[in-house]
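Chemist: fold the following.
(one chain, ligands or ions: 1)
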Amino acid sequence: MHLLLGKQVIGHGWNSMWAYEKRLQYPINIKKKDLRMAKLLVTQYGGSNGELAAALRYLNQRYTMPDDKGRALLTDIGTEELAHVEMIQTMIAQLMQNATIDEIKAAGLDSHYAEHKNALYPTDANGVPFTVSYFATTGDPISDLTEDIAAEQKARAVYENLINLTDDPDILGPLLWLRQREVVHFNRFSELLEEYRKKGY
Ligand SMILES: [Fe+2]
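Modeler: Numbers count the residues shown, from 1 in each chain. Purely as a prediction, here's the structure:
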């Protein structure tokens, strides 16, 4: 028990552990600078079908799933999407590493540089900043799961668009793997929706 300005900390003390695995879900090791791909790839960070929107969508919807199974699935996939945010961020950072001002200007990233220098910022490939209107929460499990299933298909399609835009195996490996995870998520959401429909939710 700790005391702070006369208030008591109940239960867990200051030493409560935060567990974070200090490695990426899939390794990223991009050796070739490619600002053009960095500019495109950012859409899977801050675009409407990107990983940040996915994570926030599921982590907000999970509380209104009707049973433990649904809440657990939304939590599993929502937290995995955060791991995918981290992968995409790492890819963008590696693709932009040691970029010169001339390279930044040539890639059309000068407006990004003006606002953010070399820092990351969630936008789509057109530079449009992330907005929470990219996802919905209705409190209705059938409606929310239907959105989630569509979102996974759209994320898969965008990964395929990006795969078509590069030949670098260091970029293709993680993109193919991320695309496959969207297919897995699509299947898991589809199974849960089917189960909930049968149960009459
Ligand atoms: Fe996903």
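Chemist: for the protein, which spans come out with low pLDDT?
Modeler: The chain contains residues with pLDDT under 70 at 1-12.
Chemist: can you rerun that using 90?
Modeler: 1-22 (pLDDT under 90).
Chemist: next one: the longest helix that the chain contains to chain centre, how far?
Modeler: If you go by DSSP state H, the chain has its longest helix at helix 169-199. Put simply, helix 169-199 sits 13 Å off its chain's centre (Cα atoms, centre = their mean, to the nearest Å).
Chemist: so is that helix next to the ion?
Modeler: Yes. Contact of helix 169-199 with the ion (Cβ under 5 Å from the ion) involves 182, 185. Any C-beta I mention is one placed from the backbone N, CA and C, and that applies to glycine too.
Chemist: check which residues of that helix are buried.
Modeler: 170-171, 174-175, 178-179, 181-182, 185-186, 188-189, 192-193, 196 (16 or more other Cβ atoms under 10 Å).
Chemist: without its sequence neighbours, what residue ends up closest to the residue of the chain at minimum distance from the ion?
Modeler: Evaluated by Cβ to the ion, the chain has residue 185 as its residue closest to the ion, separated by 3.8 Å. Residue nearest to residue 185 in three dimensions, not counting chain neighbours: residue 152, with 4.7 Å by Cβ to Cβ, 6 or more residues apart in numbering.
Chemist: wait, that neighbour touches residue 189, no?
Modeler: Yes. Residue 152 is in contact with residue 189 according to Cβ atoms under 8 Å; the separation is 6.4 Å.
Chemist: what does the protein put close to the ion?
Modeler: 182, 185.
Chemist: now do the helices in the chain.
Modeler: 35-41, 43-46, 51-61, 68-96, 101-106, 110-116, 141-163, 169-199.
Chemist: if I look at the residue nearest in space to the middle of the chain, how far off is residue 77?
Modeler: Centroid check for the chain by Cα atoms, centre = their mean gives residue 51 as the closest residue, at 2.0 Å. Distance, residue 51 to residue 77, by Cβ to Cβ, to the nearest Å: 11 Å.
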